[in-house]
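*Asks:* fold the following for me, if possible:
(one chain, ligands or ions: 1)
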Amino acid sequence: RKLGIALVGLGKYSEGQLAPALEETRLCKLAGIVTGTPEKAEKWKKKYNLPDKNVYTYQTFDQMADNPDIDIVYVVLPNSLHAEYVIRAARAGKHVICEKPLATSVADGRRMIEACQKAGRKLSVGYRLHFDPHNREMMRLGQQKVLGAVKKIYAQNGQKEGYDTPWRLNKKLAGGGPLPDVGVYCIQGAIYTKGEVPIAVSAKYHPKTDLKKFKEVEEGMDFQLHFADGTVAECKTSYNDAYNQLRGEADQGWFELSPAYAYSGLKGQTKTGKMEQPNVNQQARQMEAFADCILNNRETTVPGEMGLRDVQLVEAIYRAADTGQKVPTQGIIQQAFD
Ligand code: NAD
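*Replies:* Okay, the predicted model is just below:
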């Protein structure tokens, strides 16, 4: 039997990426939905042939505990709601995938991990790029020092269009602006290219050009991740400028992706030529891998702890930007890099 996944929150990412990806998976399938909008429930029920009993609202969510069709709950809600629904899913006895960023505070992230541990269920964060061959090649080239030790990293992710959904500009719901949303890919990319967790961070906000739109959250920021051997990752994120790059510079040459973080159309180059990697359905591979972990009782390569590590870094980067100081990151989770 295929494992059943219930999507919680039927917004853009669920509708445009996750549900279609689930039609390509062998080990799991779309089995249920959670939505507060009756019209969406009707539309999805028809489109994906879902029985009434597998359609939930946020009020009936906990009744999933009695539904054996649903093995995995995938939380695809605005960021600050991740904690509540991951915890409720774990209490209902389900394995959980939570979208990035894992949480809007370290305290929430810890509660989520504890709830899943207590329930004996697995928790994974929706880091799709760990299942993308181009980004895996960046990990291999950097971590195995194929071109020598990586000495400098550039990671930039800025989005100008489509990131103005009201919750994304609301500090309470989003936890911040571009940093936790698209900047988290720069944090991820730098860490998996270097294969280490940074020992300190520094940061500076971009000046706001639209004070009304960016009343509550930053418009953009430059930040640096400082590694133990002196390597610096220069990172940049924005909701008002478009860039999309991950580059490593090593002793004997450079390697880079541009675009680096998109769903498809990724392109890679190294000093010696084009990176020959396929573009794949990242979300299908990501969900397939998690289903495989459950079926074969293996650890996920993108566990809740990795998401919490990045939430810790996001908090440190905000502290650095707020104070203008370099902020040490001792005590940060040394979760592996995959
Ligand atoms: P969206 O605004 O399109 O969808 C959010 C959904 O949550 C909507 O269906 C909305 O109705 C529902 N919702 C429930 N309660 C809500 C509330 N109180 N306020 C607002 N909306 C509420 O957003 P999205 O782009 O689908 O993002 C959802 C999550 O997925 C976010 O955590 C985001 O970071 C993540 N995401 C990840 C990727 C990726 O590539 N991994 C891409 C896009 C989004």
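*Asks:* from here on, just use CA atoms for contacts and neighbour counts.
*Replies:* Fine.
*Asks:* what parts of the stretch 201-338 of the chain come near the ligand?
*Replies:* For the stretch 201-338 of the chain, no residue is in contact with the ligand (C-alpha under 6 Å from any ligand atom).
*Asks:* pick out the residue of the stretch 201-338 of the chain closest to the ligand.
*Replies:* Y263 (7.1 Å; C-alpha to the nearest ligand atom).
*Asks:* would you mind measuring from that residue to F61?
*Replies:* 30 Å (C-alpha to C-alpha, to the nearest Å).
*Asks:* show me where the stretch 151-300 of the chain has its strands.
*Replies:* Along the stretch 151-300 of the chain, the stretches classed as strands by DSSP state E, counting those that start in this stretch are 200-205, 220-226, 232-238, 243-250, 253-257, 268-270, 273-274.
*Asks:* show me the domain layout of the chain.
*Replies:* 3-126, 129-279+302-328 (automatic domain parsing).
*Asks:* nearest to R285, of those domains?
*Replies:* domain 129-279+302-328 (6.0 Å; C-alpha to C-alpha).
*Asks:* if you average pLDDT over that closest one, what comes out?
*Replies:* In this model, domain 129-279+302-328 has a mean pLDDT of 97.
*Asks:* distance between the ends of that domain?
*Replies:* Start-to-end, domain 129-279+302-328 (C-alpha to C-alpha) is 27 Å.
*Asks:* ok, back up a step: same list, the domains of the chain, but as TSV with mean neighbour count please.
*Replies:* What follows is the domains of the chain, written out as TSV (neighbours: other C-alpha atoms under 10 Å):
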stretch	mean neighbour count
domain 3-126	20
domain 129-279+302-328	20
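*Asks:* distance to E288 added to those domains, as a markdown table?
*Replies:* As requested, those are arranged in a markdown table below (distance: least, C-alpha to C-alpha, whole Å):
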| stretch | distance to E288 |
| --- | --- |
| domain 3-126 | 6 |
| domain 129-279+302-328 | 10 |
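*Asks:* what's the closest of the ones you listed to M287?
*Replies:* domain 3-126 (7.4 Å).
*Asks:* between the two ends of the closest one, how far is it?
*Replies:* 17 Å.
*Asks:* quick one on the thing from earlier: nearest to F290, of the domains of the chain?
*Replies:* That would be domain 3-126 among the domains of the chain, by C-alpha to C-alpha, at 7.6 Å.
*Asks:* measure whatever residue of the stretch 1-150 of the chain ends up closest to the ligand to V86 for me?
*Replies:* As assessed by C-alpha to the nearest ligand atom, the ligand sits closest to G11 within the stretch 1-150 of the chain, at 3.2 Å. Using C-alpha to C-alpha, one obtains 17 Å as the distance from G11 to V86.
*Asks:* ok, which stretches of the stretch 201-338 of the chain are helices?
*Replies:* According to DSSP state H, counting those that start in this stretch, the stretch 201-338 of the chain carries its helices in the segments 282-295, 304-323.
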